[in-house]
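Engineer: here is my input; please provide its structure:
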Amino acid sequence: MKHLELYIRTLRYVVAIVVIIVIIVTIVTVVERSVPIFHEGDEATTTVDHNSTNSKNHTKRAAASLDC
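Structural biologist: This next block holds a predicted model:
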């Protein structure tokens, strides 16, 4: 019977941890939807500006290397 009591106690702790994680994820999801952390245009990934001078020079160098 000791093993059964230990199993039940361990199972309770595991279920409690899973419930806490689900509650945290739910709260974060609700907060994210009500107050977006990443606003429109503020994506985590950076976009390449194709009109910048550096980008144009890189494109010219790439084209020149293909002409060889």
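Engineer: from here on, contacts and neighbour counts on C-alpha atoms
Structural biologist: OK.
Engineer: tell me the mean pLDDT over the helix or strand where His3 lies?
Structural biologist: In the assignment (DSSP states H and E), His3 maps to helix 2-34. What helix 2-34 shows for mean pLDDT is 94.
Engineer: list the buried residues of that helix.
Structural biologist: Neighbour counts over helix 2-34 (16 or more other Cα atoms under 10 Å) mark no residue as buried.
Engineer: packing partners of that helix?
Structural biologist: Helix 2-34 sits against no helix or strand, with contacts defined as 3 or more Cα pairs under 8 Å, 6 or more residues apart in numbering; DSSP states H and E.
Engineer: what about Ile24, distance to Val35?
Structural biologist: Distance, Ile24 to Val35, by Cα to Cα, to the nearest Å: 16 Å.
Engineer: equivalent analysis for Ile27, please.
Structural biologist: Note on Ile27: its distance to Val35, by Cα to Cα, is 12 Å.
Engineer: swap in Ala16?
Structural biologist: Ala16 sits at a distance of 28 Å from Val35 (criterion: Cα to Cα).
Engineer: for Ile8, same thing?
Structural biologist: Using Cα to Cα, Ile8 is found at 40 Å from Val35.
Engineer: same check, this time on Tyr7
Structural biologist: Distance, Tyr7 to Val35, by Cα to Cα: 42 Å.
Engineer: then Val18?
Structural biologist: Distance, Val18 to Val35, using Cα to Cα: 26 Å.
Engineer: ok, now which ones touch Val14?
Structural biologist: Listed by Cα atoms under 8 Å, 6 or more residues apart in numbering, Val14 has no contact partners.
Engineer: alright, calling it a day.
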